[in-house]
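In: can you look at this prediction? I've put the sequence above it.
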Amino acid sequence: MITGGKVLAAPADSSELLCLDAADGERLWSQPRGNGLYLAAVLEDRALIVEQEGLRAVRLSDGQTLWHRGMRGTFPTGRGVRTGSIYHLPTGSPRVQRLANDQTRTSLTGEILSISMETGRTLSSSPTADGLPLGNLAVSGQRLISQRLDSLIALDVLHSVESRLNQALATQPQDREALADRARLALHQGRTADGLRDLRAAAGDQPDAATQTLLVNQVLEQLRSGELAVRDVEGMLGNMKLSAENRFRLNRNQIEALQSSGQYEESFRVLMTLARNRSLLTNALTVPGQRENVVLDATSWASSELKSAYHMAAANAESSAAKVMDQQIIAEWQKSNVEIQRSWLERFGWHATANERRLQLAGQLDPTRDFLEIEQLLSTVAAAASSEPVLAFQSETALMRHWLETGHQRTVAAQLNSFRDRWKDQPQSDGRTIEALIEGWRSRLPDDRADTEWSLA
């Protein structure tokens, strides 16, 4: 690529990006190629590099990075094209669907991403007409051409599309489909204010899935760029009913923005609201990772994020946020509601009071119907002998009684000696010795051979 007396090159057999003097071939600067796939375009004082997970603009004079824009969960599917100061890039995104048999299926969807070369901001991302990824892009007049492995696709001339949309809206100003299409066109051309105006009008309170996603994308981009404050997000969306997927995406970015600014308590509040959303927690979530998407159980994700926010707050000695979070966490527990207690442990199983809660829940369950759940709860607490010996002792004692009451005498017999060894020095609240406790259990076994024949059976 030649521009302004400079030659930019990224040879396939080299790990470097080179800038050479066009007159004599002298190396002006170089830098590691890294994850760069190809040199994409040049605009005035900068060059654009498309990477495996994003885009990067470097200054032509010295190679310094001007901006870097990651694309979490999205990757290039071909070479893009520049129109003015906007770069249009074909991309693909894995989409996860939950099937009836509780399995998941991943498919690839195609989009065109329009990015400002001046700022790195994503102006718009629109799905392809058939939902499939595009290949290399080229411009012919005002028509966009895409090359796939098996076909060529021509996208309509921009000014013709806009003219048709304007005519349709002159007749029917509330035509949501036309408003959404004109919004996409404006956003791809960098006319953000015009695009957002049409997009809000098209969305209303119950937009179709594509319009809703496009508006949420714009909100997220403004959040990332700092143009929109977290507190103003809901105001921008109004009373719109978001899908579970878009609500998750929006809340996830709100949480990241709040945590990056040290607002741990507020990020925890958003997380708590998200974690209470039972319709969301029944889905598998696609969480963008550093290199590829990760499919998570939503409840596991919520628990992990709540734990992270809590510990970040606790690490800040000057903040009282962790104490406020403790109060909120404890207030979520309801002694009379078993289902809420189960949900609490799913979300806050990492909390300091979790083992005490496990012991309480085990005592409220039906020993026969919920046998395995009780066994799991008590075993988890019993395993914490080094950090919470009193609770561990209470739990293992309750576990032995649970086995006795449900006809599992062989299991009790096999555990008597090891129980004695672990807890021989543990005082009991009623003053009895461990030997007396064990003898009481032994008396409920069929005979006195518990430690021999039963344990060897």
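Out: Cool, got the structure. Note that this is a predicted model, so its numbers are computed, not measured.
In: dump the C-alpha coordinates for the helix or strand where residue 170 lies into CSV.
Out: Mapping residue 170 onto the secondary structure by DSSP states H and E places it in helix 158-171. The C-alpha trace of helix 158-171 is given here as CSV (Å, rounded to 0.1, in the frame of the first residue of the first chain):
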residue,chain,number,x,y,z
LEU,A,158,-27.2,4.0,-1.5
HIS,A,159,-28.9,7.1,-2.9
SER,A,160,-31.5,5.0,-4.7
VAL,A,161,-32.3,3.2,-1.4
GLU,A,162,-32.5,6.5,0.5
SER,A,163,-34.8,8.0,-2.2
ARG,A,164,-37.2,5.1,-2.0
LEU,A,165,-37.3,5.2,1.8
ASN,A,166,-37.9,9.0,1.8
GLN,A,167,-40.8,8.5,-0.6
ALA,A,168,-42.4,5.8,1.5
LEU,A,169,-42.1,7.8,4.7
ALA,A,170,-43.6,10.9,3.0
THR,A,171,-46.7,8.8,2.5
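In: that one packs against which elements?
Out: Helix 158-171 makes packing contacts with helix 176-188 when contacts are defined by 3 or more CB pairs under 8 Å, 6 or more residues apart in numbering; DSSP states H and E. For the C-beta atoms, the positions are set from N, CA and C on the backbone; glycine is no exception.
In: now for the helix it packs on, which elements pack on it?
Out: Packed next to helix 176-188, using 3+ CB pairs under 8 Å, 6+ apart, are strand 104-116, strand 122-127, helix 158-171, helix 192-203, helix 209-225.
In: angle of the next helix or strand after the shortest one against strand 104-116?
Out: It stands for strand 122-127. Note on strand 122-127: by DSSP H and E, the next helix or strand toward the C-terminus is strand 136-140. For the pair strand 136-140 and strand 104-116, the angle between their directions (axes from the mean of the first three to the mean of the last three CA atoms, to 10 degrees) equals 40 degrees.
In: so which bits of the next helix or strand along the chain from strand 136-140 are buried?
Out: For strand 136-140, the following helix or strand on the C-terminal side (DSSP H and E) is strand 143-147. Of the residues in strand 143-147, those buried by neighbour count under the rule 16 or more other CB atoms under 10 Å are 144, 146, 147.
In: out of those, flag the one nearest to residue 404.
Out: Minimum distance to residue 404 across the buried residues of strand 143-147 is 71.2 Å, recorded for residue 146 (CB to CB).
In: quick one: that closest one and residue 115, what's the gap?
Out: According to CB to CB, to the nearest Å, residue 146 and residue 115 sit 17 Å apart.
In: picking up where we left off before, what's in contact with the helix holding residue 170?
Out: The contact list for helix 158-171, computed with CB atoms under 8 Å, 6 or more residues apart in numbering, reads 142, 175, 178, 179, 181, 182, 185, 189.
In: could you flag which of the residues you listed are buried?
Out: Here the buried ones among the contacts of helix 158-171, as counted with 16+ other CB under 10 Å, turn out to be 175, 178, 179, 181, 182, 185, 189.
In: make TSV from the residues you listed and add distance to residue 406 and pLDDT to it.
Out: TSV is the format used below for those (distance: CB to CB, whole Å; pLDDT from 0 to 100):
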residue	distance to residue 406	pLDDT
175	66	89
178	67	89
179	64	90
181	65	86
182	68	89
185	68	82
189	70	77
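In: just put those in a markdown table and tack on distance to residue 40.
Out: Supplementary listing: these in a markdown table, determined by distance: CB to CB, whole Å:
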| residue | distance to residue 40 |
| --- | --- |
| 175 | 36 |
| 178 | 32 |
| 179 | 32 |
| 181 | 27 |
| 182 | 28 |
| 185 | 22 |
| 189 | 19 |
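In: in a markdown table, list the buried residues of strand 143-147 along with pLDDT.
Out: Written out in a markdown table, the entries for those read as follows (pLDDT from 0 to 100):
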| residue | pLDDT |
| --- | --- |
| 144 | 80 |
| 146 | 89 |
| 147 | 84 |
